[in-house]
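Colleague: Just the structure for this:
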Amino acid sequence: MRFATRNKFAQTVIAGCAVLLMVLVIFGFTGRYFAPGDSIALMRPQVGVLLVLFAVILLAVHARGFALASLVFAMIAVGSVAAGFIPASDDCDDTCVTLYQKNLMSKAWPRYPLADDILQSNAEIVTLQEVSSHNQEYMSNLFDHYPRSAICEFRPEQNVAILTTLPVVEGTEFCLHGLGLVGLQVVGPDKQPVWVVSVHLNWPYPYEQFEQSKRIARHIEQLEGPVLIAGDFNMVHWGSSVRRIGSAADNQVFGPALNTHNRGSWMLPMPIDNLLVPKGTTGTAELRPFMGSDHLGIKARISLP
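Modeller: You can find the predicted model right below:
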């Protein structure tokens with residue numbers, strides 16, 4: 001009798017923990033409507049893996065119904081993030097453009113190697129965040145190399161910028177001061193006009209990412225034609241803030257998602273630097289070293305559909 005009571009208690013405790021994880025999965029999908037939802041969504045892959053473990057344990061204690069529910073929620077959690085980790089197609093030809101994305105880290109030491117790495121990439125488009133007067137001084141060879149640039153004030157000494165060697169459509173440059181958004185329209189190698197946007201989002205709830213991403217999405221919705229969006233989103237690709245901005249341009253994540261922050265690890269990846277591209281875009285993406293920043297760079301070869 002005592003053994004049966006203990007077994008029932010164990011079932012209740014384990015099932016209760018599994019239900020709590022299922023609630024977290026559900027709440028993590030509410031970021032479209034509630035700011036805290038995206039903060040919970042950051043843990044979605046880890047919660048999914050834990051639910052698989054709980055499903056096995058629940059089977060072992062003969063709680064088959066809870067085990068099945070745990071497995072279903074695990075599949076939903078993991079399945080919702082898996083697509084962003086699939087590598088992009090490497091079909092790239094002379095119409096491809098090279099884009100280099102980097103959060104410079106505004107207060108870092110002189111960056112001659114970083115400037116040289118960007119120059120050696122032969123990137124036609126460079127999207128930057130945390131551009132400070134310090135960075136502009138010690139990376140002057142980079143800024144001097146690119147004939148056209150757009151720099152927009154965000155936070156003090158943390159501006160967003162675009163540098164390009166491509167022809168720029170006159171009168172298209174825009175800057176939303178204090179919002180972490182700058183953009184312009186360039187003419188690609190295939191003579192097709194394409195918008196390029198550099199984004200820097202605040203951290204998610206309790207910070208202001210929710211409202212900021214909505215305002216950015218509303219502006220991007222007004223752009224006509226294909227849009228390349230790159231930046232430090234401070235949010236994973238499955239988060240609603242990223243998806244909201246991508247949907248505004250009818251874009252998709254350019255995979256695979258890459259762990260770009262120095263606080264990330266294989267247990268808790270932080271793919272918070274993202275590229276959002278028109279659906280059907282092909283190409284490749286690779287990480288570049290930290291080089292004094294707390295973010296890795298991304299070098300992408302992109303062929304628009």
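
Colleague: List the neighbouring strands of the helix or strand containing Leu128 plus their orientation.
Modeller: Assigned by DSSP states H and E, Leu128 belongs to strand 125-131. Take DSSP bridges as the rule and strand 125-131 pairs in its sheet with strand 97-103 (parallel), strand 158-164 (antiparallel).

Colleague: where along the stretch 151-300 of the chain do the strands fall?
Modeller: 158-164, 174-176, 181-187, 193-200, 227-232, 251-253, 273-278, 282-288, 297-303 (DSSP state E, counting those that start in this stretch).

Colleague: Can you list the strands that the fourth one pairs with?
Modeller: Strand partners for strand 193-200, identified by DSSP bridges, are recorded as strand 181-187 (antiparallel), strand 227-232 (parallel).

Colleague: now stretch 163-181, how far from the chain's geometric center?
Modeller: Computed by CA atoms, centre = their mean, to the nearest Å, the chain-centroid distance of stretch 163-181 equals 20 Å.

Colleague: Pull up the distance across it, start to finish.
Modeller: Chord length of stretch 163-181, first to last residue, is 14 Å (CA to CA, to the nearest Å).

Colleague: Phe174 against Trp195, yeah?
Modeller: No. Using CB atoms under 8 Å, Phe174 is not in contact with Trp195; the gap is 9.5 Å. Placement of C-beta: from N, CA and C, glycine included.

Colleague: Tell me which residues touch Ala248, please.
Modeller: Applying CB atoms under 8 Å, 6 or more residues apart in numbering to Ala248 gives the contacts 216-218, 220-221.

Colleague: Let me see the domain layout of the protein.
Modeller: Using automatic domain parsing, the domain parsing of the chain gives 2-84, 88-303.

Colleague: which residue is nearest the middle of the protein?
Modeller: Asn274 (3.2 Å; CA atoms, centre = their mean).

Colleague: Bridged to that residue, which residues?
Modeller: Gly231.

Colleague: The one 10 residues further on now?
Modeller: Taking DSSP bridges as the rule, Thr284 bridges to Arg301.

Colleague: Show me which residues of stretch 143-157 are buried.
Modeller: Within stretch 143-157, the residues scored as buried using 16 or more other CB atoms under 10 Å are 143, 146, 149-154.

Colleague: scratch that, stretch 115-135 is what I was asking about
Modeller: Quick answer for stretch 115-135 (16+ other CB under 10 Å): 115, 117-119, 121, 123-132, 134-135.

Colleague: Check the separation of the first and last residues in it.
Modeller: 10 Å.

Colleague: Report the distance from that stretch to the chain centre.
Modeller: 19 Å.

Colleague: Who are the contact partners of Leu59?
Modeller: Ala67.

Colleague: now do the one 5 residues further on
Modeller: Shown in contact with Arg64 (CB under 8 Å, 6+ apart): Leu58.

Colleague: Could you rerun that using 10 Å?
Modeller: With contact taken as CB atoms under 10 Å, 6 or more residues apart in numbering, Arg64 is in contact with 55, 58.

Colleague: now Ser293
Modeller: Counting by CB under 10 Å, 6+ apart, Ser293 has contacts 102-106, 108, 111, 114, 129-130, 135, 260-262.

Colleague: picking up where we left off before, compile the buried residues of stretch 143-157 into TSV and extend it with columns for distance to Ser89 and pLDDT.
Modeller: TSV is the format used below for the buried residues of stretch 143-157 (distance: CB to CB, whole Å; pLDDT from 0 to 100):
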residue	distance to Ser89	pLDDT
Phe143	33	95
Tyr146	28	97
Ser149	31	95
Ala150	30	97
Ile151	33	96
Cys152	32	97
Glu153	37	95
Phe154	33	94
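
Colleague: I'd like to know which of these is nearest to Val97.
Modeller: The closest of the buried residues of stretch 143-157 to Val97 turns out to be Tyr146 (CB to CB; 13.7 Å).

Colleague: Make sure the closest one is actually in contact with Val126.
Modeller: Yes. Counting by CB atoms under 10 Å, Tyr146 touches Val126, with 6.8 Å between them.

Colleague: Overlap in contacts, the two.
Modeller: Common neighbours of Tyr146 and Val126 (CB under 10 Å, 6+ apart) are 118-119, 161-165.

Colleague: Return the closest of those residues with respect to Phe29.
Modeller: Closest to Phe29, out of all of the shared contacts of Tyr146 and Val126 and judged by CB to CB, is Ile162, at 32.7 Å.

Colleague: Tabulate the strands paired with strand 125-131 (JSON lines), appending distance to Ala230, mean neighbour count and mean pLDDT.
Modeller: JSON lines is the format used below for the strands paired with strand 125-131 (distance: least, CB to CB, whole Å; neighbours: other CB atoms under 10 Å; pLDDT from 0 to 100):
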{"stretch": "strand 97-103", "distance to Ala230": "4", "mean neighbour count": "24", "mean pLDDT": "96"}
{"stretch": "strand 158-164", "distance to Ala230": "9", "mean neighbour count": "24", "mean pLDDT": "97"}
